[in-house]
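>>> A structural model of the following input is requested.
(one chain, ligands or ions: 1)
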Amino acid sequence: MLKTEAIAKHFGGLEVLSDVNLSVGAGEIVGLLGPNGSGKTTLLNILSGFLRPSGGRIHYGGRDIGGMAPEAIARLGIRRTFQLPRMPEKMSCAELLLTAVEQPAGARLLAWPGRARAEARDARKRAFEMLEHLELTRVAHQPASGISGGQQKLLALGAAILGGARLLLLDEPTAGVNPTLRLRLVETLQDIRRQGVTLVVVEHDMGFIGRLCDRCVVLDRGVLIADCKPEHLMENERVVEAYLGKRETRPKAPDALLRTAEA
Ligand SMILES: Nc1ncnc2c1ncn2[C@@H]1O[C@H](COP(=O)(O)OP(=O)(O)OP(=O)(O)O)[C@@H](O)[C@H]1O
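Numbering: from 1, shown residues only. Below is the predicted model of the structure:
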């Protein structure tokens, strides 16, 4: 479904990605991991058209989408969320989700008013079901920009799901989200995969990754160093080294990373 060939990105003299070859099959949930600053968000920005790669190609559904504008990429069904979502000032949470759901418009409203009204009702139902699922019903009519950071992340995720994504790129969906809701998010995301959506998820929470993902790829200083099932991550010395340093200099006490990976 998605394949990158030798993606490179530099900012001035700083090489942030080099020779990244990533494949994502239809219906997969792939975790994109790596230490801070390893290039994960930069790669998502390139896949979603927010940044142009300095080199390489991106194939999606048989097309070369490298260098296409973000709106054109979104129209192909690639949707993304941001680490720090920016919400419109004058829209409530419910309105934001309603704008994300496909609504009957223009000529269809005139030609088939009965059917269009039923579709509008269905859109409203889906938007409010999503608010409930994400525990946002209480703030449904509050301005989207006024809810907490964690709630904004959930709202942005809801909008991306309702927006008809075929490939969802999620940037740290659990940051600032409470543990119970994190577990629920695993179910939500697996559910939307069953509906035919493919996911690439940038995350630091290894427990979440272990429960959610079929496969993980790991970036270290812009280079892909691993591609394996989540349960095999910690068997990979390059991955352990990227997170914890070299064996000789590694702290003796097991790190939180190892503990969460075992959980
Ligand atoms: N627009 C930019 N201009 C210059 N350098 C940038 C730019 N965007 C990112 N970088 C640099 O690229 C490197 C990778 O950043 P990126 O945000 O992709 O990392 P990340 O893996 O997503 O990190 P984190 O887990 O901390 O979010 C960092 O060194 C960052 O400072």
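>>> so in this structure, which helix runs the longest?
Longest helix in the chain by number of residues (criterion: DSSP state H): helix 113-133.
>>> residues in contact with E15?
Counting by CB atoms under 8 Å, 6 or more residues apart in numbering, E15 makes contact with 8-9, 222. Quick note: C-beta positions are derived from backbone N, CA and C, even for glycine.
>>> sitting in strands, which of these do you find?
Among the contacts of E15, the members falling in strands (DSSP state E) are 8-9.
>>> what is the nearest of the contacts of E15 to I29?
G222 (23.3 Å; CB to CB).
>>> how near is that closest one to H204?
According to CB to CB, to the nearest Å, G222 and H204 sit 18 Å apart.
>>> over to L185?
14 Å.
>>> same deal with T198?
21 Å.
>>> more crowded one of those two?
A direct count of neighbours by other CB atoms under 10 Å for T198 and H204 places T198 higher, at 22 against 16.
>>> so what's G56 closest to, chain neighbours aside?
Using CB to CB, 6 or more residues apart in numbering and skipping residues adjacent in sequence, the residue nearest G56 is I7, 3.8 Å away.
>>> what's A127 in contact with, if anything?
Listed by CB under 8 Å, 6+ apart, the contact set of A127 reads 94, 97-98, 100-101, 162.
>>> pick out whichever of those residues sits closest to G49.
Nearest member of the contacts of A127 to G49, counting by CB to CB, is A100, at 18.6 Å.
>>> from the contacts of E15, which are also near the ligand?
The subset of those within reach of the ligand, counting by CB under 6 Å from any ligand atom, is empty.
>>> dump the contacts of E15 into TSV; add pLDDT, neighbour count and distance to H59 as well.
Below are those laid out as TSV (pLDDT from 0 to 100; neighbours: other CB atoms under 10 Å; distance: CB to CB, whole Å):
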residue	pLDDT	neighbour count	distance to H59
A8	96	16	16
K9	96	22	17
G222	96	23	21
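>>> the residue nearest to Q83 when sequence neighbours are not counted: neighbour count?
Distance criterion CB to CB, 6+ apart; nearest residue to Q83, sequence neighbours excluded, is D171 at 4.7 Å. Here the number of neighbours of D171 (other CB under 10 Å) works out to 23.
>>> what does this protein put close to the ligand?
The chain comes close to the ligand at residues 11, 14, 16, 34, 36-42, as judged by CB under 6 Å from any ligand atom.
>>> so, low pLDDT: which residues of the stretch 151-263 of the chain?
Across the stretch 151-263 of the chain, the ranges flagged by pLDDT under 70 are 246-263.
>>> again, 90 this time
Applying pLDDT under 90 to the stretch 151-263 of the chain flags the ranges 151, 153-154, 157, 160-165, 174-185, 187-188, 191-192, 195, 234-263.
>>> ok, back up a step: contacting residues for the residue nearest to Q83?
D171 touches 40-41, 44, 80-83, 202, counting by CB under 8 Å, 6+ apart.
>>> let's see 7 Å
41, 44, 80-83, 202 (CB atoms under 7 Å, 6 or more residues apart in numbering).
>>> also V223?
With CB under 7 Å, 6+ apart, V223 has these contacts: S18.
>>> what pairs with it across the strands?
D220 (DSSP bridges).
>>> show me where the stretch 1-150 of the chain has its helices.
Ranges of helices within the stretch 1-150 of the chain are 40-47, 70-75, 93-100, 106-111, 113-133, 149-162, based on DSSP state H, counting those that start in this stretch.
>>> wait, which of those is closest to C213?
helix 40-47 (13.9 Å).
>>> hang on, the earlier thing: between which two of the residues of the chain next to the ligand is the distance greatest?
Largest separation among those by CB to CB: F11 and G34, giving 17.2 Å.
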